[in-house]
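**Q** Generate a structure from the sequence data that follows.
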Amino acid sequence: MLGVYSLRKTKKMQKVHFIAIGGSAMHNLAIALHEKGYQVTGSDDAIFEPSATRLKQRGLLPEETGWFPEKITSDLDAVILGMHAHADNPEMLKAKELGLKIYSYPEYLYEQSKTKTRVVIAGSHGKTSITSMILHVLHFHGKDVDYMVGAQLDGFDVMVRLTEENDFMVMEGDEYLSSTLDRRPKILLYQPNIALISGIAWDHVNVFPTFENYLHQFELFIDSITAGGALIYNSEDENLVEIVDKNEKSLKKFAYTTPEFHISDGVSYLETEDGPIPLEIFGRHNLNNLEGARLICNQLGIMDEDFYEAIQSFKGASKRLELIKRTPEFVAYKDFAHAPSKVISTTNAVKEQFPNKSLTACLELHTYSSLNQEFLSEYKGALEKADEKIVYYNPEALKIKRMKPISPEDIRKAFGEEAIQVFTSSDALKSYLVNLPKSNKVFLMMSSANFGGIDLNEIFAS
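**A** Alright, predicted model coming up:
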């Protein structure tokens, strides 16, 4: 025992510095390393909530904003570079000058999990929800794993957990670029033992200018799965089925489809061998996600009976069909949906769940893809199931992103809906929503941003 204690006592504390520590993913990784016992420092030129408070609570908030090359010292074991940092970042240049190892966020996650069984959930849509479902089920049954997920979950204090002892690492796999130094998609760095692909719908057009180029990243992802590993995939996606079928790597492949379910009195029931079970979530896309999560949990030793027991209490990930307000008169939800495929599936889900209510769907166009004139046509018919269709965008966002201006008429033409109401002022949108009759309606607010700072709780207060 004395020898073990001595070994632990003399083990060198790892020193890690974060360049752009305030990011949503970065600050969670910083907290995870701090809780693992690492000495963590960081810098950023702006830190917003909730990152600022969460870092401050743990003594990790930088004393002042900005970049300070003097923080980069030769005794650092690792420097982790966030996407927010530019190629001329003075701290990064100092780290290169000193010959320090500079990691991207996904590269460092692999470094922390390379001795574990890595489970990566990828795809253009649903990956946060699927990862959240898996973690909920594992947590319900007391199975402890390391993880990284892109949304806050009930029962989880942090979005990243890293330990020495856990055997599994469950990660949400993003296909966006890793860092300013590493232009590879994040999913290509994890080398999963078990992987899931939820579906492929063109996104991130500023990085992947053609669908073929975007699709190729998932071909490379399948190639990156360790030999003899497992791939779970949504067989309702024709493009995905095609690239899975032509891949000749030695993998165990498990296809899934949307399971049988029915809706009764506003509740979705999943059909199982033991009879229907009620769910807190709804929508065909969420039932499809659930089936993928079930197959992953099977790989982790959770059998169907235990999965179904746990999934009944899953309320969804933050901002994924999250309930804002429910009254006898109306219901209001917010959702992170922004890509065309997500907008379609979310809008259809709400309409199917509330067939007797009038659906008002409001979408904010905010991302590089959604504000791209060439990409806008991908939204054709995306709001078809809504009874009232609203699109909001801020012309200033186009200027900041240095993109061509778009007009309300461009929006209507792209969506194929002349009746769409287009707002370019958040104040005008807020006024319209506040004064809109709400009786017998369901509202769906879709955005990856915040509708120009509108407080949705205030709008739907009564």
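**Q** For the stretch 151-300 of the chain, just list every one of the helices.
**A** All helices of the stretch 151-300 of the chain, identified by DSSP state H, counting those that start in this stretch, fall at 211-224, 238-246, 284-299.
**Q** Tell me which of the ones you listed lies nearest to Asp75.
**A** Evaluated over those, closeness to Asp75 peaks at helix 211-224, with 33.2 Å, by C-beta to C-beta. For the C-beta atoms, the positions are set from N, CA and C on the backbone; glycine is no exception.
**Q** Check which helices and strands that closest one sits against.
**A** Here helix 211-224 touches strand 194-197, helix 238-246, going by 3 or more C-beta pairs under 8 Å, 6 or more residues apart in numbering; DSSP states H and E.
**Q** Partner strands of the shortest one, with direction?
**A** I take that to be strand 194-197. Next to strand 194-197 in the sheet, as set by DSSP bridges, lie strand 117-122 (parallel), strand 230-234 (parallel).
**Q** got CSV for the helices of the stretch 151-300 of the chain, with mean pLDDT and distance to Ile232 too?
**A** As requested, these are exported to CSV (pLDDT from 0 to 100; distance: least, C-beta to C-beta, whole Å):
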stretch, mean pLDDT, distance to Ile232
helix 211-224, 95, 12
helix 238-246, 97, 10
helix 284-299, 97, 5
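**Q** one step back: rebuild the helices and strands packed on helix 211-224 as CSV, extending it with distance to Leu321 and mean neighbour count.
**A** Below are these laid out as CSV (distance: least, C-beta to C-beta, whole Å; neighbours: other C-beta atoms under 10 Å):
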stretch, distance to Leu321, mean neighbour count
strand 194-197, 20, 26
helix 238-246, 23, 14
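**Q** got the ones you listed as CSV, with distance to Phe375 columns?
**A** Compiled in CSV, the helices and strands packed on helix 211-224 are given as follows (distance: least, C-beta to C-beta, whole Å):
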stretch, distance to Phe375
strand 194-197, 22
helix 238-246, 17
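**Q** picking that back up, mean neighbour count, the helices of the stretch 151-300 of the chain: which tops it?
**A** Highest mean neighbour count among the helices of the stretch 151-300 of the chain (mean count of other C-beta atoms under 10 Å): helix 284-299, with a mean of 23.
**Q** got the angle between it and strand 230-234?
**A** 170 degrees (axes from the mean of the first three to the mean of the last three C-alpha atoms, to 10 degrees).
**Q** Identify all contacting residues around helix 284-299.
**A** Helix 284-299 is contacted by residues 119, 121, 125-126, 129-130, 133-134, 137-138, 194, 196, 198, 230, 232, 234, 236, 254, 256-259, 261, 268, 270, 279, 281, 304, 307, 311, 316, 321, 345-346, 348-349, 352 when judged by C-beta atoms under 8 Å, 6 or more residues apart in numbering.
**Q** Domain parsing of this structure, as residue ranges.
**A** Following automatic domain parsing, one finds the domains of the chain at 13-100, 108-311, 322-459.
**Q** Leaving out sequence neighbours, find the closest residue to Asn348.
**A** With C-beta to C-beta, 6 or more residues apart in numbering as the criterion, Asn348 has its nearest non-adjacent residue at 5.2 Å, and that residue is Lys385.
**Q** burial measure for the one you found, as a count.
**A** Around Lys385 sit 18 other residues, with neighbours defined as other C-beta atoms under 10 Å.
**Q** And for the one 5 residues further on?
**A** When neighbours are counted by other C-beta under 10 Å, Ile390 registers 23.
**Q** Wait, it touches Ala419, no?
**A** No. The criterion here is C-beta atoms under 8 Å, and Ile390 misses it with Ala419 at 10.3 Å.
**Q** re earlier: tell me which residues touch the residue nearest to Asn348, please.
**A** With C-beta under 8 Å, 6+ apart, Lys385 has these contacts: 347-348, 351, 359, 361.
**Q** out of these, who has the most neighbours?
**A** Neighbour max across the contacts of Lys385 (other C-beta under 10 Å) = Ala361, 27 neighbours.
**Q** SS state for that residue?
**A** What DSSP: H, G, I helix; E, B strand; the rest coil gives for Ala361 is strand.
**Q** Tyr269: how many residues sit nearby?
**A** A count of nearby residues for Tyr269, using other C-beta under 10 Å, gives 15.
**Q** In the sheet, which residues pair with it? Tell me.
**A** His262, Pro278.
**Q** How about the contacts made by it?
**A** If a contact means C-beta under 8 Å, 6+ apart, then Tyr269 has 261-263, 276-279 as its contacts.
**Q** can you rerun that using 10 Å?
**A** Contacts for Tyr269 (C-beta atoms under 10 Å, 6 or more residues apart in numbering) come out as 260-263, 275-279.
**Q** which one of those has the most neighbours?
**A** Leu279 (22 neighbours).
**Q** before we move on, the earlier item: weed out the non-buried ones from the contacts of helix 284-299.
**A** In those, burial by neighbour count holds for 119, 121, 125-126, 129-130, 133-134, 137-138, 194, 196, 198, 230, 232, 234, 254, 256, 261, 268, 270, 279, 281, 307, 311, 316, 321, 345-346, 348-349, counting by 16 or more other C-beta atoms under 10 Å.
**Q** What are the phi and psi values at the residue nearest to Ser24 when sequence neighbours are not counted?
**A** In space, and not counting its chain neighbours, Ser24 is closest to Ser51: 6.9 Å by C-beta to C-beta, 6+ apart. Main-chain torsions, Ser51, degrees, to the nearest 10: phi -60, psi -40.
**Q** Need the pLDDT of Ser51.
**A** What the model reports for Ser51 is a pLDDT of 92.
**Q** what's the answer for His366, then?
**A** On pLDDT, His366 comes in at 89.
**Q** Please apply the same query to Ser431.
**A** Here the pLDDT value assigned to Ser431 is 96.
**Q** Name the residues of the helix or strand hosting it that are buried.
**A** Ser431 is located in helix 426-435, with elements delineated by DSSP states H and E. In terms of neighbour count (16+ other C-beta under 10 Å), helix 426-435 has its buried residues at 426, 429-430, 432-433.
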